[in-house]
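>>> No letters, just coordinates:
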């Protein structure tokens, strides 16, 4: 369990325990303690935690910005294994759908890469507490998971997320992903990778066109 999860679990436990203690301490002769009566009032700390939790859990305007990428898209992929390597091209289909009541966009990709079947799964959302966009990705060509976070630039209509991932040779590669919204029916994603020499190069370029 990571620190963030432990923190929220402890808060939830405190709220539950606080509610139980308050109800147990209530005078059973008090009408408010009877079924149908008013619940015991929460303490200011409990109220603050409840309000913080509600704000943390509620999708907002940042989530709505992802509406333009929801749907089924035909994808043209251009990739480079290294700065000197010639590009390879492939095609695929991306199905993006809202899950968890508008909190996350699920990415389902099917296609090919280097003439081999390729499938991938990702999730994209906005963390209200961290105030950053969060993206994850995993596929059938590795056993690792890419985890990225970043922000939205309203002027350029771009999402820029950065993260790190180990490659098969044990190097930790820094990844940078820029998604640009052209319009509701088209968006692009450009991936940059930092190689063992520490220099960044364009690793992938994807063009998504909404299926009619």
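Thanks, I have it. No experiment lies behind these values; they were computed from the predicted model shown.

>>> All the helices of the chain, in order from the start?
Listed in chain order, the helices of the chain (DSSP state H) span 3-25, 44-57, 61-64.

>>> Now do the strands in this structure.
For the chain, the strands defined by DSSP state E occupy 71-79, 88-99, 104-113, 116-127, 132-139, 146-153, 158-166, 172-183, 186-194, 200-210.

>>> Reformat those as a markdown table; add distance to residue 65, mean neighbour count and mean pLDDT.
Quick note: C-beta positions are derived from backbone N, CA and C, even for glycine. As requested, these are arranged in a markdown table below (distance: least, Cβ to Cβ, whole Å; neighbours: other Cβ atoms under 10 Å; pLDDT from 0 to 100):
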| stretch | distance to residue 65 | mean neighbour count | mean pLDDT |
| --- | --- | --- | --- |
| strand 71-79 | 15 | 17 | 96 |
| strand 88-99 | 13 | 15 | 96 |
| strand 104-113 | 11 | 17 | 95 |
| strand 116-127 | 8 | 16 | 96 |
| strand 132-139 | 9 | 18 | 96 |
| strand 146-153 | 6 | 17 | 96 |
| strand 158-166 | 8 | 17 | 93 |
| strand 172-183 | 8 | 16 | 94 |
| strand 186-194 | 12 | 18 | 95 |
| strand 200-210 | 16 | 17 | 96 |
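
>>> would you list those in CSV and tack on distance to residue 58?
As requested, the strands of the chain are arranged in CSV below (distance: least, Cβ to Cβ, whole Å):
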stretch, distance to residue 58
strand 71-79, 24
strand 88-99, 15
strand 104-113, 14
strand 116-127, 11
strand 132-139, 16
strand 146-153, 18
strand 158-166, 21
strand 172-183, 23
strand 186-194, 26
strand 200-210, 28
